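Q: Give me a 3D structure for the following:
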Amino acid sequence: MRTFLLKVGATVLTLGTTLASTLYVTAHLKNSSAPLQPSVVATQGFDVGGLTVTPGVRQGDVRPVTSTYAS
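A: Residues are numbered from 1 along each chain as shown. Below is the predicted model:
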């Protein structure tokens, strides 16, 4: 009898969780009018506390990482 109650409890818990998840997902459907990518502000750069922040990627003068091992 005890194992039967445990199985019933597990089944009820599983079904309840599935139902709650389904209700949550259907209440939070994707907004089809939302943009897929945020807009990018075109800027040449700006100063933040003496640090100039500019868009883009530049080549650095550092050695390439050949190993991630650290002792």
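Q: Please count neighbours and contacts with C-alpha atoms only from this point.
A: Fine.
Q: The protein: helices as residue ranges?
A: Taking DSSP state H, the helices of the chain run over residues 2-27.
Q: for it, which spans come out with low pLDDT?
A: 38-46, 70-71 (pLDDT under 70).
Q: one more time with 50, if that's ok
A: Applying pLDDT under 50 to the chain flags no residue at all.
Q: what about stretch 2-16, distance to the chain center?
A: Its chain's C-alpha centre and that of stretch 2-16 lie 33 Å apart, by Cα atoms, centre = their mean, to the nearest Å.
Q: Could the C-alpha coordinates of it be exported in PDB?
A: What follows is stretch 2-16, C-alpha atoms only, in PDB (Å, rounded to 0.1, in the frame of the first residue of the first chain):
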ATOM      1  CA  ARG A   2       2.800   2.400   0.800                       C
ATOM      2  CA  THR A   3       4.500   1.900  -2.600                       C
ATOM      3  CA  PHE A   4       1.200   2.500  -4.300                       C
ATOM      4  CA  LEU A   5       0.700   5.800  -2.500                       C
ATOM      5  CA  LEU A   6       4.300   6.800  -3.400                       C
ATOM      6  CA  LYS A   7       3.700   6.000  -7.100                       C
ATOM      7  CA  VAL A   8       0.400   7.900  -7.100                       C
ATOM      8  CA  GLY A   9       2.000  10.900  -5.400                       C
ATOM      9  CA  ALA A  10       4.900  10.900  -7.900                       C
ATOM     10  CA  THR A  11       2.400  10.700 -10.800                       C
ATOM     11  CA  VAL A  12       0.200  13.500  -9.400                       C
ATOM     12  CA  LEU A  13       3.300  15.700  -8.900                       C
ATOM     13  CA  THR A  14       4.500  15.000 -12.400                       C
ATOM     14  CA  LEU A  15       1.100  15.800 -14.000                       C
ATOM     15  CA  GLY A  16       0.700  18.900 -11.900                       C
END
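Q: Fine, thanks again, bye for now.
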